[in-house]
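[1] I would like the atomic coordinates for the input below:
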Amino acid sequence: MTRSVAEKDAPEFSLNRVLVIRLSAIGDVVFASPLIDAIKRTQPDAEIRWLAESTVAPLLAEHAGLKELLIWPRHEWWALFRRGRLWRLSREVLSFRRTLRAYQFDLVLDAQGLLKSAVLAWMTGARTRIGFRSKEPTGWLLTERVPKQLDPTVSSEYRGLAEHIGLETGDFSMTVSLSGVAREFAERVYNGQPYVVFCPFTTRPQKHWPESHWRSLTEIALERGWRVVVLGAPADRDAANRIFAGQGVDDKVGACSLEESAALVSKANLVIGVDTGLTHMGWAFSVPVVALFGSTCPYRAVPGRKGDILYAELHCSPCRRRPTCGGSFDCMSALTPNAVINTAQRYLSTESA
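    The predicted structure is shown next:
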């Protein structure tokens, strides 16, 4: 049982002005989102700001618990560096540092655990800078480093960070807030016709489900009368054409912004997907999820949510970034379309399908 804040040692720092740093990775921003509400439950009048890259900003911009969303201009800095405009770059970096220091943060939480995030934490000048222990040389940039608490429950590392600093973590639920415009977009797509979202695309080949499996799954789903909406980024367009050509799916790959895609997930009756941010969003929106894991297994339990995590645990699992199978990715192939469709059917009533 999680202890209440009153039962824990009072933190040795103020929570009046807090900065959370989680710069990128859609899924990890979703996993880290409970930090906001945990801080607010502990100190309701806390002013919380979040530092992120522009790519994930839509997931945080509408969060009621945030005082302000700050954007790290990584792409702009990198463009200046590539063009050799080092003097301009140094001025931009110093200006950004002054901006961060002007907030006079009492506490900075580095929820990324990388050198770049630790440097940004150090740039704030905050007296208390707490982050994850890392293989990268971040020790001199942070005042305290915390081991990652990795257990089978989703968001476990961020819960561990919250507990370490004395936050109330009784309800550590993921949150994605949407604008009214994004919700209206999803309503127009929905148009009274329930649908299932497929999320086939992710960042590394060892996390993909075989394309032939996706085709088979889609054929079975369409035969059963399901309406299928496929989501993905513009870079996934060619793969989507290969997989879903000639199939009667509602193909939104590359056609929606991140926030619009999130809104479509929020309206779905079910999400089926690999280890990717859009799949994880299903849990945040309390939509049933069938998650397909192989080379990675970031969690095995999502308390308070409906769904299944399918994971063929082989002797080499999880290999993460170092597969040893020569590209066969047997752990993903072992998850058959029939197994997925039978699992998914449990979460769909006749009416919703």
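
[2] and the one helix or strand G273 maps to, what does it pack onto?
    Using DSSP states H and E, G273 sits within strand 270-274. With contacts defined as 3 or more CB pairs under 8 Å, 6 or more residues apart in numbering; DSSP states H and E, the packing partners of strand 270-274 are strand 196-199, helix 277-284, strand 289-293, helix 337-345. For every residue, glycine as well, the C-beta is placed using N, CA and C.

[3] Quick one: residues in contact with it.
    Contacts with strand 270-274, where a contact means CB atoms under 8 Å, 6 or more residues apart in numbering, come from 196-202, 207-209, 217, 265, 278-279, 281-282, 287-293, 332, 340, 344, 347-348, 352.

[4] ok, now with 7 Å
    196-200, 202, 207-209, 265, 279, 282, 287-292, 340, 344, 347-348 (CB atoms under 7 Å, 6 or more residues apart in numbering).

[5] looking at the chain, which helix or strand is least sure?
    helix 330-333 (a mean of 86; mean pLDDT, DSSP states H and E).

[6] so how far is that one off the chain centroid?
    23 Å (CA atoms, centre = their mean, to the nearest Å).

[7] Let me know the secondary structure of R129.
    strand (DSSP: H, G, I helix; E, B strand; the rest coil).

[8] give me the number of residues near it?
    As a burial measure, R129 scores 25 neighbours (other CB atoms under 10 Å).

[9] One more: A233?
    A233: 17 neighbours (other CB under 10 Å).

[10] How about the backbone phi and psi for it?
    Main-chain dihedrals, A233, degrees, to the nearest 10: phi -90, psi 170.

[11] now do A126
    A126 has phi and psi values of phi -60, psi 140 when expressed as degrees, to the nearest 10.

[12] begin at 9 from here
    I'll keep to 9 as the first residue from here, and by that count the last item is A134.

[13] Need the per-residue pLDDT for it.
    As predicted, A134 sits at a pLDDT of 97.

[14] Quick check, it in contact with V116.
    Yes - counting by CB atoms under 7 Å, V116 is a contact partner of A134 at 4.5 Å.

[15] Those two: which is more packed in?
    V116 (31 against 23).

[16] secondary structure class for the more buried one?
    strand.

[17] what's the spacing between it and L128?
    For V116, the distance to L128 equals 9 Å [CB to CB, to the nearest Å].

[18] Quick check: neighbours shared by those two?
    Each of I29 lies in contact with both V116 and L128 under the rule CB under 7 Å, 6+ apart.

[19] Name the residues of the least confident helix or strand of the chain that are buried.
    Across helix 338-341, burial judged by 16 or more other CB atoms under 10 Å covers C339, M340.

[20] again with stretch 80-96
    Applying 16+ other CB under 10 Å to stretch 80-96 flags W80, L88 as buried.

[21] try stretch 138-153
    By 16+ other CB under 10 Å, the buried positions in stretch 138-153 come out as I138, G139, F140, S142, T146, L149, L150, T151, R153.

[22] Compute the distance between S325 and S103, please.
    Taken as CB to CB, the span from S325 to S103 is 47 Å.

[23] oh sorry, the question was meant for Y111
    14 Å.

[24] Of those two, give the one with the bigger neighbour count.
    With neighbours defined as other CB under 10 Å, Y111 and S103 compare such that Y111 has more, 19 against 10.
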